[in-house]
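S.K.: I need the structure of the sequence given here:
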Amino acid sequence: TLKLRHDSSGYLTCEHVSVFYLLMLNSGIMGAYTYVVRGGVFFNAQTANFLMLGISLWRGQRLSTAFSILFQLSAYVLGAIASEILPTPIKHYGLFRWDTWLVGFEALILFIIGFIPTTVPDPVVQVALTFIASMQYNTFRQAEGIPMATTFCTNHIRQVGIGVAKLFRKHDQKGFHRGMEHLGMIVCFCVGAFLLSVFCKFM
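M.R.: This is a model prediction of the structure:
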């Protein structure tokens, strides 16, 4: 459904807000998975990993802990590099754009991860998810002209506040509408995390 075409709004299908809602839902699922099943970590953004790296070095913890964190950080950097390099040769390969190929690749990796037993060390799965999260974050940047992040909520929270402030200060309905789009992203992320947590209880 993410073919190279524009609709009456002038945006590509992959730029529709509805696609970003699904990406946020998926990110909530992946984030909850790494926390509930794979070591109690959040893979979506790397700020916490930098904190953990500094704390582990200060506490003099095992080097394996620091190396595990560095592997995740490296995977995030490699994901960003890949998502910058690959679109040029793949951009119009066949009927689909790079965005579509990425979503297909991500779905394949997640399908495979679903069959990896929990006896496999958590960092293996964490690194794979970190890599595709970085690619997703760097590829899907704007939803219908609105800058968006699809793997974490910090900026969305800020934009909700800005939207509400614009409504009260300037009666800016457009700014408020943008804030509500960001609120929708947060809701989708939370729903994804909730659904994964429920499924993990029974599966």
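
S.K.: Tell me, what's the model's pLDDT at residue 120?
M.R.: Listed pLDDT for residue 120 reads 93.

S.K.: Give the full set of residues in contact with it.
M.R.: For residue 120, the contact set (C-beta atoms under 8 Å, 6 or more residues apart in numbering) is empty. The C-beta positions use only the backbone N, C-alpha and C, and glycine is treated the same way.

S.K.: where's the residue nearest to residue 197 when sequence neighbours are not counted, which helix or strand?
M.R.: Closest residue in space to residue 197, ignoring its immediate chain neighbours: residue 32 at 5.5 Å, by C-beta to C-beta, 6 or more residues apart in numbering. Element membership for residue 32, per DSSP states H and E: helix 17-36.

S.K.: That helix: which residues count as buried?
M.R.: 19-21, 23-35 (16 or more other C-beta atoms under 10 Å).

S.K.: List the neighbours of it that are in contact with it.
M.R.: Contacts of helix 17-36 (C-beta under 8 Å, 6+ apart): 2, 13, 41-44, 106, 110, 122, 125-126, 129, 133, 136, 140, 143-144, 146, 148, 150-152, 181, 184-186, 188-197, 200.

S.K.: Which residue would you name as the spatial centre of this structure?
M.R.: Residue closest to the average C-alpha location in the chain (C-alpha atoms, centre = their mean): residue 151, at 2.3 Å.

S.K.: and that residue, which of the three is it?
M.R.: coil (DSSP: H, G, I helix; E, B strand; the rest coil).

S.K.: Torsion angles phi and psi at it?
M.R.: With angles defined as degrees, to the nearest 10, residue 151 sits at phi -130, psi -10.

S.K.: Distance-wise, check it relative to residue 124.
M.R.: 20 Å (C-beta to C-beta, to the nearest Å).
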